[in-house]
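Engineer: any chance you can model this:
(2 chains)
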Amino acid sequence: MSDNNTEEKTAAEQEGDVQMNWTAVIADMAILMIVMCGIGVLFKMGMMQFERVSPSDNLISLVSKDQFDDYTNEIDTKSAENPDYINMCDDNQVTPLMRVCHVNYNDADEDLKADKLRLRFVQDMLSRAGVDVQAVDKHGFTALHWASWSGMPEVSKALIHAGIDVNQVDNLDNTPLMLAALRGNKEVIALLLENGANLNMKNKLGKTALDRAEEKMLAYAKSSGIIYSMIYSKTRDVGHQDAVALLKGEVAQASAAPIAPIAPIAPIAPIAPAAAAAAAAAIR
Amino acid sequence: MDNNKQNFLANYFSAFGVLKDCKKSFWLTNLIQFCEGLGYFTMIHVFTIYLTRYCGFTDGNSTFWVGMFTLFLSMFVLAVGSICDIIGLKRTYTIGFSVLISGRLMLGFSNDIGERLLGLSQSQSVYVIYAGICLMAFGTAFMSPCISTSIRRFTTLRARPTGFNFYYLFMNIAAILAGVAFVDPLRTVFGDTIGLKWIINIGTCFFVVGYIITRFIDEDAYAVPEERMTKAQMSNRRPLQLLGEVVRERPFQKLLLFLLLTLGVRLVFTLQFLVMPHYYTRTIGDDFGLGTIQAINPTIIVLGLIAIIPVLNRFKTVDLMIYGMSISAFSLVFMAVPAEWYLLVPGINTMGQAYFIAIVTQIVVFAFGELLFSPRFSEFVARAAPKDKVASYMSLSGLPMFIAKPFNGVIGGLLVSYLCYDGIAAKMDAGHIGFWQSPEFMWFIYLFMAIVSPISIYMMRGVFVTADDNMGESNESNESNESDESDESDESDEKGKSTTA
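Structural biologist: The predicted structure is shown next:
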């Protein structure tokens, strides 16, 4: 019996020891945590001045999730705090409107899906007072440049209707048509052409939209092997081919257009009998 | 050659024969860690882009918080290392999984909890995410020590090394499956942004399954009954006390120097989930097969475990580490050179192809370097320690990384926001981005940081080779790694889950 008591006592003591040490471990860890996190947070705070923060990150996240109500709430709340929120740029001068007009997919069908989803967000932005539709970013892209590169025809249409110049050039003289052409976005190309996009404009490298489309089409067609199966999209490949065909057709049509229609030949005046006899005598 | 291949395979898999005598609890433990691995890797593959795209974090904040998550994880591993011996396996699993699942639910449903339930705006509901990240780190920290303790407990001394090999093999298979079978299909089905939420939440389901399996474990099924510890025998490690004791010791100082010198290349290990997801999706496309590409690394590790590791055991530890570090650091060259250079290579015609080839080559070369470096790293730490302090040295070997992780999170975020921002692919296509503004320059900076490690270790090789020689050249430390809680070394808690000795 006494042995049992001793054992129990020893066990209890041991238990007590363990608990006491466990508390000490927690205390040590708390100190280490505070020190390490403190170092991390101080470093983060020190580097904050160099951080690039986009005021529209939250907004774009809501757009990506297709949460329209939350998006309008966010934009209303932020606009109440800062009336120019809708035009607030990030460090590359990219506005929220431009960001909504941008997606980056390999598969051209995904671009079109995104186009449908994003349209109402773009329409909402365009309907808001004070939105700067003509804004350009650091590299001279307009929202239409972004939408054209991204392959979003409906969004591009809304932007064109809002008054963006379809032939606006970026800092390297790229037009929206060139960006759509190099990505093989045939729907956007067709839209831009319908709305007066100039086929003959050249960028600073001296390339037209057709040049860019052809280069990309040839390069992309070589992606179909098994090595590139992860980044190859049949729809993109077909898009490149269609884009080239479309642009070539337009170029052919356009090159035919400048030749002035042949003027109707004037009726030959009847030759007088005397003059005719004189001419015949001269020939003889 | 074919015979050799067969020998590797036969030798590797025949070793698993000793496991046939293991009890049910051993196999259940492997199932638990498989589920836990699936849950962990589904999240870590997409963690930064989830925070950015789904939760609205800036690039800087997303990488910072992932960096902090890995820091918390390492710190908590240090704290809870001995908890399963004190409170018992089942109870530890219960605490670990409960905390982990709660944290993960907060992360996965931050939107619904914060905005719908609490009526917060998206910018306010980030606090739910912060809390979720801290809880997840705490819960995850329970898993690694607890699973290792389980495997140790349920294997005989003879079967133990193989038991741990099986554990690592299973862990890597979980990493592969997480990417190929869950991350990519879920993003394809639900979309590249909404799919991220599903990935996080389906990962949580694996934790639930893992927890249910823990209920069937017989925690008293010691394979070696003599290993049943009394509470008086249990190690009650106080990290600061330990640090105070060992910091004055010459071998520890030497080890600390070694750890600091290897920081550059070891930081590269964390980039795979810190910076790479943004890099992949922003250069190639949001619909890029993120999970598949992330699965290449563990696949190579699995193949390497089978074919290469047995051959490498013949080489000296420090030499292998230098080779491994050099190869791992060098792998960044493929992403650091201007992408246009790839267009000169026959068969590479577009920038997308150039980036793709750069990414795959880097992953393959890096994984090979990692195979040489990581197992030997743990071994070196174990060898550097006096015999009675192996576990202490292993635990404290993570300290330099603790400081480095939040730094890396901040630097990674800055570099991504400057050199790999959302929309950079369009600007590259249009010809606006030169080398100094490109993602390649970001990798050039990382390359510079990483290359310092092998060069400095090579220059100070004499110091470490002497230490190595003094410790002897036997491979017994491999076994001591396993029995001396190698799972608590730094590499075991995150990316290093897929590396092994």
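
Engineer: which residues of chain A fall in helices?
Structural biologist: A:2-47, A:57-64, A:68-81, A:96-100, A:108-127, A:143-150, A:153-161, A:176-182, A:186-194, A:209-221, A:234-256, A:273-283 (DSSP state H).

Engineer: low-confidence regions, chain B specifically.
Structural biologist: Residues of chain B that meet the criterion pLDDT under 70 lie in B:1-9, B:79-83, B:85, B:122, B:229-239, B:309-310, B:313, B:391, B:465-501.

Engineer: before we move on, the earlier item: CSV for the helices of chain A, including mean pLDDT, distance to chain B and mean neighbour count?
Structural biologist: (Glycine included, C-beta is placed from N, CA and C.) Listed next are the helices of chain A as CSV, based on pLDDT from 0 to 100; distance: least, Cβ to the nearest Cβ, whole Å; neighbours: other Cβ atoms under 10 Å in any protein chain shown:
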stretch, mean pLDDT, distance to chain B, mean neighbour count
helix A:2-47, 64, 3, 14
helix A:57-64, 92, 3, 24
helix A:68-81, 91, 7, 15
helix A:96-100, 96, 7, 25
helix A:108-127, 96, 6, 19
helix A:143-150, 97, 5, 30
helix A:153-161, 97, 14, 23
helix A:176-182, 96, 6, 31
helix A:186-194, 96, 13, 23
helix A:209-221, 91, 4, 21
helix A:234-256, 88, 10, 17
helix A:273-283, 47, 68, 9
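
Engineer: closest one to residue B:414 among those?
Structural biologist: Nearest of those to residue B:414, taken as Cβ to Cβ: helix A:2-47 at 6.3 Å.

Engineer: which positions in the stretch 351-500 of chain B make contact with chain A?
Structural biologist: Within the stretch 351-500 of chain B, the residues that sit near chain A (Cβ under 8 Å from any Cβ of the partner chain) are B:352-353, B:356, B:402-403, B:405-407, B:409-411, B:413-414, B:417-418, B:421-423, B:425-427, B:429-432.

Engineer: which of those fall in helices?
Structural biologist: B:352-353, B:356, B:402-403, B:405-407, B:409-411, B:413-414, B:417-418, B:425-427, B:429-430.

Engineer: of the residues you listed, buried ones?
Structural biologist: Burial by neighbour count, 16 or more other Cβ atoms under 10 Å in any protein chain shown: within these this picks out B:352-353, B:356, B:402-403, B:405-407, B:409-411, B:413-414, B:417-418, B:425-427, B:429-430.

Engineer: show me what contacts the residue nearest the centre of chain A?
Structural biologist: Nearest residue to the geometric centre of chain A (Cα atoms, centre = their mean): residue A:102, 3.0 Å. Applying Cβ atoms under 8 Å, 6 or more residues apart in numbering or on different chains to residue A:102 gives the contacts A:146-147, A:149-150, B:422-423, B:426.

Engineer: where does residue A:184 land on pLDDT?
Structural biologist: With respect to pLDDT, residue A:184 scores 94.

Engineer: need phi/psi at it.
Structural biologist: Per-residue torsions, residue A:184: phi 70, psi 30 (degrees, to the nearest 10).

Engineer: before we move on, what about residue A:53?
Structural biologist: phi -120, psi 130.

Engineer: how far away is it from residue B:402?
Structural biologist: Residue A:53 sits 27 Å away from residue B:402 when distances are taken as Cβ to Cβ, to the nearest Å.

Engineer: same deal with residue A:147?
Structural biologist: From residue A:147 across to residue B:402, the span is 46 Å (Cβ to Cβ).

Engineer: close to chain A: what parts of the stretch 1-150 of chain B are there?
Structural biologist: Within reach of chain A by Cβ under 8 Å from any Cβ, the stretch 1-150 of chain B has these residues: B:52-60, B:64, B:67-68, B:71-72, B:75-76, B:78-79, B:82-83, B:86, B:111, B:115, B:121-123.

Engineer: let's see 7 Å
Structural biologist: The interface of the stretch 1-150 of chain B toward chain A, taken as Cβ under 7 Å from any Cβ of the partner chain, is made up of B:53-56, B:58, B:60, B:64, B:68, B:71, B:75, B:78-79, B:86, B:115, B:121-123.

Engineer: burial count for residue B:11?
Structural biologist: Using other Cβ atoms under 10 Å in any protein chain shown, residue B:11 is surrounded by 12 other residues.

Engineer: was I right to think residue B:67 contacts residue B:403?
Structural biologist: No. Judged on Cβ atoms under 7 Å, residue B:67 makes no contact with residue B:403 at a distance of 11.2 Å.

Engineer: give the contact list for residue B:32.
Structural biologist: When contacts are counted by Cβ atoms under 7 Å, 6 or more residues apart in numbering or on different chains, residue B:32 touches B:147, B:210, B:213-214.
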